[in-house]
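Asks: sequence? don't have it. structure:
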């Protein structure tokens, strides 16, 4: 491991050839990659590798959205980068239940009060009540005012045909509206402006989730707020049993033999 100083072009970060550069405590650390590495094929190792791949794919997909990335950075959750914040926040729930209604596309802030989610191959419609405060961050106020950006992540897993090459489908939508008013007492409704046949894969999967969210843009301070609630099942349901199987406790001996000289 080596430490590097920043030059005229700034501090390096990421992989370059067989070197990896990482910024830690305002220092640049350089690591040389091994040409080969030992790979374990035990059931436990393969299970951990599958979990890492699943959580990483979910986090990296969400991190492609500049708006979601901004909200995760604002939340000050553990992690250096936004995709790492998403990974750490979702790791435990995905370990227990896979990609399910327990996963989160945004950290806690306001609670999205779902009434109904309607999805067909042409359109996605959200019906909801006034969001409620769950957790406020520094400089955030209690109001949830327009303009709003409506967000939805559609996640389809478990293909109907087990031999299908397409194992999942993930779609991200966001749409900013200036003049939308959320009803204080009744039900509000929003339909995304999407082309015909935007979601043709609905019959190809056994499990389909929609993760709805709303961002309230604070035009004066710039400190946005957001409402989320996890996933809503369009098809399928939360697994009845946890996917995680803890290792059995070590066998305790039923004998004790102590000798001292």
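Replies: Received, thanks. Computed from a prediction, not measured in an experiment: that's the story for all the values here.

Asks: going forward, measure contacts and count neighbours with C-alpha atoms only.
Replies: Noted.

Asks: Test my guess that residue 170 contacts residue 201.
Replies: No. Using CA atoms under 8 Å, residue 170 is not in contact with residue 201, being 10.4 Å away.

Asks: gap between residue 167 and residue 29?
Replies: Distance of residue 167 to residue 29, computed by CA to CA, to the nearest Å: 38 Å.

Asks: Touching, residue 30 and residue 22? I think so.
Replies: Yes. Contact criterion CA under 8 Å: residue 30 and residue 22 qualify, at 6.5 Å.

Asks: Domains in this structure, by residue range?
Replies: Recorded structural domains for the chain (assignment: automatic domain parsing) are 2-6+10-32, 98-235.

Asks: Tell me the buried residues in stretch 54-72?
Replies: 54-56, 58-59, 61-63, 68-69, 71-72 (16 or more other CA atoms under 10 Å).

Asks: in the residues you listed, which two residues are the furthest apart from each other?
Replies: By the measure CA to CA, 54 and 71 form the most distant pair in these, at 22.0 Å.

Asks: What residues are bridge-paired with the residue lying closest to residue 214 once chain neighbours are set aside?
Replies: Closest residue to residue 214 apart from its sequence neighbours, by CA to CA, 6 or more residues apart in numbering: residue 150 at 4.7 Å. When bridges are called by DSSP bridges, residue 150 pairs up with residue 175, residue 214.

Asks: Local confidence estimate at residue 150?
Replies: We have a pLDDT of 98 for residue 150.

Asks: you'd agree it is up against residue 178?
Replies: No. Shown here, residue 150 and residue 178 do not form a contact pair, counting by CA under 8 Å, at 11.1 Å.

Asks: Those two: which has the busier surroundings?
Replies: Relative neighbour count places residue 150 above the other of residue 150 and residue 178, with 20 against 10, counting by other CA atoms under 10 Å.

Asks: Could you report the distance from that one to residue 101?
Replies: To residue 101, residue 150 is 19 Å away according to CA to CA.

Asks: How about residue 64?
Replies: Relative to residue 101, residue 64 is positioned 21 Å away (CA to CA).

Asks: what's the helix or strand where residue 233 lies packed up against?
Replies: Using DSSP states H and E, residue 233 maps to strand 232-235. Secondary-structure packing of strand 232-235 (3 or more CA pairs under 8 Å, 6 or more residues apart in numbering; DSSP states H and E): strand 110-119, strand 205-216.

Asks: circling back to that earlier point, which of residue 167 and residue 29 has more residues huddled nearby?
Replies: Remark: of residue 167 and residue 29, residue 29 carries more neighbours, 18 against 15, as counted by other CA under 10 Å.

Asks: Check which residues of whichever helix or strand that one is part of are buried.
Replies: Assigned by DSSP H and E, residue 29 belongs to strand 27-32. For strand 27-32, the neighbour count (16+ other CA under 10 Å) marks 28-30 as buried.

Asks: same thing with stretch 121-128?
Replies: 123-124, 126, 128.

Asks: Next step: the buried residues of stretch 54-72 restricted to helices.
Replies: Under the assignment DSSP state H, the buried residues of stretch 54-72 contribute 54-56, 58-59, 61-62, 68-69, 71-72 to helices.

Asks: Pick the most buried one from the helices and strands packed on strand 232-235.
Replies: strand 205-216 (a mean of 23; mean count of other CA atoms under 10 Å).

Asks: Point out the other elements, helices or strands, that that strand touches.
Replies: Packing contacts for strand 205-216, counted by 3+ CA pairs under 8 Å, 6+ apart, involve strand 110-119, strand 148-159, strand 225-228, strand 232-235.

Asks: I am finished for the moment; much appreciated.
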